[in-house]
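>>> pasting the sequence and the predicted coordinates here, then a few questions.
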Amino acid sequence: MSGNTDRWITLAHGNGGRFMRELIDELFARHLANPYLDVQTDAACVPFAGDLIVTTDGFTVQPLEFPGGNIGHLAVNGTVNDLAVAGAHPRYLTVSAVIEEGLERDLLERIIKSLAQAAHEADVYVVAGDTKVVPRGHGGGLYLTTTGFGSRACQAPLGMRQIQPGDHVLISGSIGDHGTTVLLAREAFGLRGDLRSDCACVLPLTRALWDLPGVRFMRDPTRGGLATVAYEIGRATGFHIALQETAIPLKPPVQAVCAMLGYDPYYLACEGRVVAVVAADQADEVLRRWQALGDLGHQAAIIGDIGSSAFEGVVLVTELGGERVLDELEDDPLPRIC
Amino acid sequence: MANTDSPSQTHLFPPPASPPRGEVGGGTFRTTYGSVNPEMTSSMPSALPTGALTLRIHGQVQGVGFRPFVYRLATRLKLTGWVQNLSGEVAVWIEGHEDSIAAFQTAVIHEAPPLAKPTLGAVQRVEPHPWTAFVIRSSHAAEQPDIHIPPDYFTCDDCLAELRDPTARRFRYPFINCTQCGPRYTLIRALPYDRPNTTLAAFPLCADCRCEYENPADRRFHAQPLACPVCGPQVTFRWAHEEPSARLLSEVALQATVAALRAGHIVAAKGVGGYHLLCDARHSEAVQRLRVRKHRPDKPFAVMFPQQGEDGLAGLREFIELDDITAQQLRDPMRPIVLATKRTTSTLAPAIAPGLQEIGVFLPYSPLHHLLLSDFNGPLVATSGNLSGEPVITDESLAELRLSNVADAFLHHNRPIERPADDAVYRVLVGKARPLRIGRGNAPLEWSLPHALAHPILAVGGSMKVTVALAWEKRLVMSPHIGDLDSPRGRTVFQQVTADLQRLYGVTANTLICDAHPDYASTRWAKRQGLPVKTVYHHLAHASALAAEYPTVTRWLMFTWDGVGWGMDGTIWGGETLWGRPGAWVRVASLRPFYLPGGDAAGRQPWRAAAALCWEAGLDWHPDPAWVSDWPLAQQAWLKKLNCPSSSAVGRLCDAAATLITGLHHTSFEGQAPMQLEALAHTVNDAALAEAGLPDLPMPLVYSPLPPPPRGGRWEGGLSESTDAKAPPLCRMDWSVLLPILRNHRIPPAHRARWFHQMLIHSVVHQIMYFQMNQRIEFEAVGLTGGVFQNRLLSDGIAARLSALGVPVYLPTRFPCNDGGLSVGQVIEATAPMEAAADATAMEKSPLPPPPAGGRPEGGIDIVEYRS
């Protein structure tokens, strides 16, 4: 086993000895180097001003690499995005890696590089980290946990409690790209050139709205997708939410794959989108600003509105004028009607 | 008699200023009035009485205006005495001339109100008592009267005659009604059932109506929905494209509606339980336009015919083949939609029921419908005014919002509909009209439970075709069809009906019963209510609903075949044979399961089931790429069992057969594939199959545990999956033997369709014979339930074969065999007595004996090994 330490991660990389130090130095410290990362100390000391906004998130994905990204991108963008939609200016990250024995060292390096690159693009510093190695069979290759620190930047107080009837619901881009891509990659269905994860940092999207007082609430629709975000808004506010099927951006290949496999794209994860609830009179302005951001926002759309109808919950208004309730996802969907 | 009235105490009607709490006639309520009004009793006959009788009359005599009828009859015959409600029957004392007494005995049965079904019980000659008049006595004081919410009644002959009488006050008045007819369930807001508690509250009675309302001799005595052109609701007509203010009123509105229909327009007309979309049923272009606008390409439309001729059905006979049972059902007081076969010469638009020989037909049941149909003088498509699967629309503003792209014009009226009721639907199966949908005309549906319940319960049904059932003491009340719960309106109506049933009957459920499927909206709703919840598995509910109708059967072999239901082993059931009785069902056989690519997507894409069977059997098959270009992805997913639940549903087998035989890849409504397959099978007869030399190949029974299937997949739900010693062994019907003929394109499609039905019939018989020979499975009767048995060819065929073998076989007659019957089944199953449950454990411990060596037991029933 020890002879393989160049190519594979072994338990020796987690035992506190030389292998571990070398792993940290050569992979983590080298790629993540920045003025605040000091591998010699146990804790980082960083300058900070303003209201602190903190979040933490664990990441697991199969496969670790997929068209459009890998778990390293996800671990940075996921946490940065959580800060961003909370109205924060993301500043620092910490990273904790749980590595499964047997992980290819090159793969780990690619992931760490991606992680570093994503952090660079988001303009955040990785200021502390940790690695553990678990025996083969005890982890899905690699688990990453990131904690993010940011300062309040958005003028408007954000939160579901700010949402009012009449507000509009917007999304910054197409839905289901990440979920579909990862699904196909995981099942090794072969590459479909036209499908890529939307994994991206959404900070430009949220930063564009910092000065708009009519912004009520933002959320990145990751696990559970757009439907789950809408459901949570409905549940928390007791308002009726109507989403217009025809307004929701959905790429044809995503639609085709979902149709063939029997999945509902409204419940599939996005990793680079923002759902925003905005006062009606500022919805067009949000749309204009988002669409000006190039790839990140060119497909942005006003997709629905908050109402005070007797029916509390989320309704998808279909192309033919039908109405379908979007319920909370219990688990993987079980067949109900076939 | 607890209270004997002396001649001086004939004071049984309330004073006019204080109307009775409860209707004496047409509806029935807490008939607890007991105050007095001597003026309103009949006058004393002039001749001395020459005889006296007491009579007991039972049958359907309560809540149908029976006592006012007896009062009027006795008064007409100049008899004295009294009539009184006892619990469940009516007691009458009559005295007077002998010939009048004789006339009374005949007339009380034969002239009874249309809704009453009286049977004469004990008749006793008694000593005459010098009664001065004939009176309606108050109900037996000791009894706590039961609340009954009547259904909406069809227009009675008396009102119909008035409707057509130019001299009558209500000539051509679309809301004419009396104690014998008119809406009830759809207009009651609260109890007691007094006018202020109905949707007629906004229409104060005029002086003339009040006179009728207060006169016990009048058939409108306490008819709560009483109305006339002076004081009652009115219809209004408007074109969809015109300003809402441009409305036509009353008679002009009716004429405009008929003119619009004649011109081939579509009119959304408000009726009793909701809106109908109407158009000329012989106008192909109009019917096609309705299909396009309603986004309903295939699902059949119902057709309403004018009531003509002696039996009212002359107008239908020109278009429809009517057998006696169908004719009788069409004329049933509930005036349901009945599925009936079109004549080959029928001039009805083909688009009414594409690909089918049967259409749903019905007679007008409200005065408004009578006026429209007789003025139009021809058949009209009358389909529910709704979006697919949703409850019918009842409200003017919603109709204008939702139907403005469908209807060219609206015929509104201003009598509010308190809650929707779609028309009830029946089909003749195995010699009886059987419900496919409970609704306007027979809902709320009452049922007596075999055991009194300790606590009131509410069962909330499934996910599609939902009904709910409230049960307390020994009573069960089932709601009308609500619809599917995918839409917000479906959910809203569902909540309204559950609340209304409890409020109207004065019963609050303290336990809820729901399906075991965790994602059904009804299940989730039940679990949010903060009450104890019991779950009942889908197919057990189906079985128990049927068992409830035949309480003398104690051991069933129950075939529960449908399209989907969450099974006890976590797979999708739908081809299950259950043995036992309510509270004690054991699954003893099923269809051989297969993995269904795409899960729920298979519901509207029968090619998926075809692919599943072929791929499972190792056969090369793919859908027509013109329909499904991306099928290789579905096959990849199937190989990896990604979103491919395991299903044993016969409904899916029928889908697969439809695709393999007819090339049907996509459907637009539930059941379309099997319906079209059945219709195709009806075009040839069994003799043609024999001539064609098609083999007899019932699905063999494969004995569990099954060996692993070919591609390294695994059986789910079979015994190979479960090592639980309590799980009984299963027989699986192996469908794979059907594939060579289903896929053989050299055999004409109609022959294959007929053959497929024959093989399903044979497979049931085959399975029954196997279990009959198996001493461990004793049963008294075979039951057929689940949506698949809405198929007449299948149900009639099985019943004929079993009757020839002397095996009793039953299908539901009161509750739908489809998911509409689940709510009742949930009540029965969840409240089955405890000793039955103990019995189930005993049954589980006595598994089937293994198949005999060589796989061929006595009797020649093959038990074959499964081979890949």
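Here it is on my side, so go on. Predicted model only: the values in this text are computed from it and were never measured.

>>> downstream neighbour of the lowest-mean-pLDDT helix or strand in chain A in the secondary structure list?
Lowest by mean pLDDT, DSSP states H and E among the helices and strands of chain A is helix A:18-23, with a mean of 85. Remark: after helix A:18-23, the chain's next helix or strand is helix A:30-32, criterion DSSP states H and E.

>>> give me the distance from that next one to the chain's centre.
In terms of Cα atoms, centre = their mean, to the nearest Å, the centre of helix A:30-32 is found 23 Å from the chain centre.

>>> give the buried residues for the least confident helix or strand of chain A.
Within helix A:18-23, the residues that count as buried by 16 or more other Cβ atoms under 10 Å in any protein chain shown are A:19-20, A:23. Yep, even glycine has a C-beta here, placed from its N, CA and C like the rest.

>>> do the same with stretch B:180-194
Applying 16+ other Cβ under 10 Å to stretch B:180-194 flags B:180-189, B:191-194 as buried.

>>> and if you look at stretch A:288-307?
Neighbour-count burial for stretch A:288-307, counted by 16+ other Cβ under 10 Å, picks out A:289-290, A:293, A:296-297, A:299-307.

>>> what's the answer for stretch A:202-215, then?
A:202-209, A:212, A:214-215.

>>> equivalent analysis for stretch A:22-36, please.
Result for stretch A:22-36 [16+ other Cβ under 10 Å]: buried residues A:23-24, A:27-29, A:31-32.

>>> kindly reformat those as JSON lines containing distance to A:Glu101.
Formatted as JSON lines, the buried residues of stretch A:22-36 follow (distance: Cβ to Cβ, whole Å):
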{"residue": "A:Leu23", "distance to A:Glu101": "13"}
{"residue": "A:Ile24", "distance to A:Glu101": "17"}
{"residue": "A:Leu27", "distance to A:Glu101": "16"}
{"residue": "A:Phe28", "distance to A:Glu101": "18"}
{"residue": "A:Ala29", "distance to A:Glu101": "22"}
{"residue": "A:His31", "distance to A:Glu101": "22"}
{"residue": "A:Leu32", "distance to A:Glu101": "23"}
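
>>> may I see those organised as JSON lines, with distance to chain B added?
Output for the buried residues of stretch A:22-36, formatted as JSON lines (distance: Cβ to the nearest Cβ, whole Å):
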{"residue": "A:Leu23", "distance to chain B": "35"}
{"residue": "A:Ile24", "distance to chain B": "38"}
{"residue": "A:Leu27", "distance to chain B": "33"}
{"residue": "A:Phe28", "distance to chain B": "35"}
{"residue": "A:Ala29", "distance to chain B": "40"}
{"residue": "A:His31", "distance to chain B": "35"}
{"residue": "A:Leu32", "distance to chain B": "36"}
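
>>> how long is stretch B:481-497 from one end to the other?
End-to-end span of stretch B:481-497 (Cα to Cα, to the nearest Å): 10 Å.

>>> list the contacts of it.
A:309-311, A:313, A:315, A:322-325, B:386-387, B:389-392, B:419-422, B:424, B:437-439, B:443, B:460-461, B:463-468, B:479-480, B:520-522, B:525, B:820 (Cβ atoms under 8 Å, 6 or more residues apart in numbering or on different chains).

>>> likewise stretch A:33-47?
Here stretch A:33-47 makes contact (Cβ under 8 Å, 6+ apart) with A:24-25, A:28-29, A:91-92, A:94, A:125-129, A:149.

>>> change it to 10 Å
A:21, A:24-25, A:28-29, A:32, A:91-92, A:94-95, A:116, A:119-120, A:124-130, A:149 (Cβ atoms under 10 Å, 6 or more residues apart in numbering or on different chains).

>>> check which residues of that stretch are buried.
Residues of stretch A:33-47 classed as buried: A:Leu37 (neighbour count, 16+ other Cβ under 10 Å).

>>> how far off centre is that stretch?
26 Å.

>>> hmm, back to that, near chain A, which of the buried residues of stretch B:180-194 show up?
Checking the buried residues of stretch B:180-194 against chain A by Cβ under 10 Å from any Cβ of the partner chain, not one of them is in range.

>>> just these now: which is nearest B:Ser763?
Taking Cβ to Cβ as the measure, B:Ser763 lies nearest B:Tyr185 of the buried residues of stretch B:180-194, at 41.6 Å.

>>> number of residues surrounding the residue of chain A found nearest chain B?
Closest approach of chain A to chain B (Cβ to the nearest Cβ) occurs at A:Gly262, with a separation of 3.1 Å. Look at A:Gly262: counted by other Cβ atoms under 10 Å in any protein chain shown, it has 25 neighbours.

>>> isn't it up against B:Tyr595?
No - A:Gly262 lies out of contact with B:Tyr595 (Cβ atoms under 10 Å); the separation is 12.0 Å.
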